[in-house]
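Novice: Let's see this in three dimensions:
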Amino acid sequence: MAQDPKQDTSGEEAEAPVKSSKKKLVIIIAGVLVLAGVGGGAAWYLMKPKHADKKAEKHVEAPKPPVFLALETFTVNLQPDPDEKFLQMDVTLQVAGPEVAEHIKLQMPAVRNRLLMLLTSKKASDISTSEGKATLSEEMLAEVKKPYAAGEKPQEVTGVLFTSFVVQ
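Specialist: Model prediction:
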């Protein structure tokens with residue numbers, strides 16, 4: 001009645017392949033689920049609309065460099081306050097583009113006339129402070145922006161910059 005040790009192990013060996021095949025099945029199913037998840041995520045990422053990004057890129061343009069137009073030096077007599085004073089200044093206009101600069105160059109006698117008339121109406125005390133200079137700059141900008149002919153649109157001047165400013 002002695003049992004053969006080979007027979008006892010054969011029963012255990014039969015159960016081992018069943019456990020091994022269940023583990024393989026679970027691993028394969030888990031692998032398939034992981035691959036499906038990764039594939040779905042990749043598909044979503046690659047299929048999402050890209051036209052919104054392209055529109056944003058199209059509208060982002062490099063800023064245009066500013067265009068400046070230097071005017072000749074102005075030397076004017078100021079209004080007596082109580083002494084008579086002189087103003088000598090250099091002015092540079094900041095304009096919207098080269099075509100605006102060319103148009104202003106064509107109208108330079110009218111530009112200088114307008115600015116000379118404005119400058120000679122000032123007193124030294126009006127323009128000696130930084131607030132006075134800022135006000136003068138705004139007034140000059142308004143004068144330069146005015147159209148040169150009836151029916152013409154205002155000039156695209158964005159700033160009046162003082163590059164030299166001396167009152168004596």
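Novice: Next SSE downstream of the worst-scoring helix or strand of the chain on mean pLDDT?
Specialist: For the chain, counting by mean pLDDT, DSSP states H and E, helix 51-59 ranks last in confidence among helices and strands (a mean of 60). Remark: after helix 51-59, the chain's next helix or strand is strand 67-70, criterion DSSP states H and E.
Novice: What strands flank that next one, and is each parallel or antiparallel?
Specialist: Strand 67-70 has the following sheet partners, assigned by DSSP bridges: strand 86-95 (antiparallel).
Novice: Show the subsequent helix or strand relative to the strand it pairs with.
Specialist: helix 98-106.
Novice: if you average pLDDT over the host helix or strand of Lys22, what comes out?
Specialist: With the criterion set as DSSP H and E, the secondary-structure element containing Lys22 is helix 5-47. Mean pLDDT, helix 5-47: 73.
Novice: Same check on stretch 62-75?
Specialist: In this model, stretch 62-75 carries a mean pLDDT of 92.
Novice: which parts of that stretch are buried?
Specialist: Within stretch 62-75, the residues that qualify as buried by neighbour count (16 or more other Cβ atoms under 10 Å) are Val67, Leu69, Leu71, Phe74. The C-beta positions use only the backbone N, C-alpha and C, and glycine is treated the same way.
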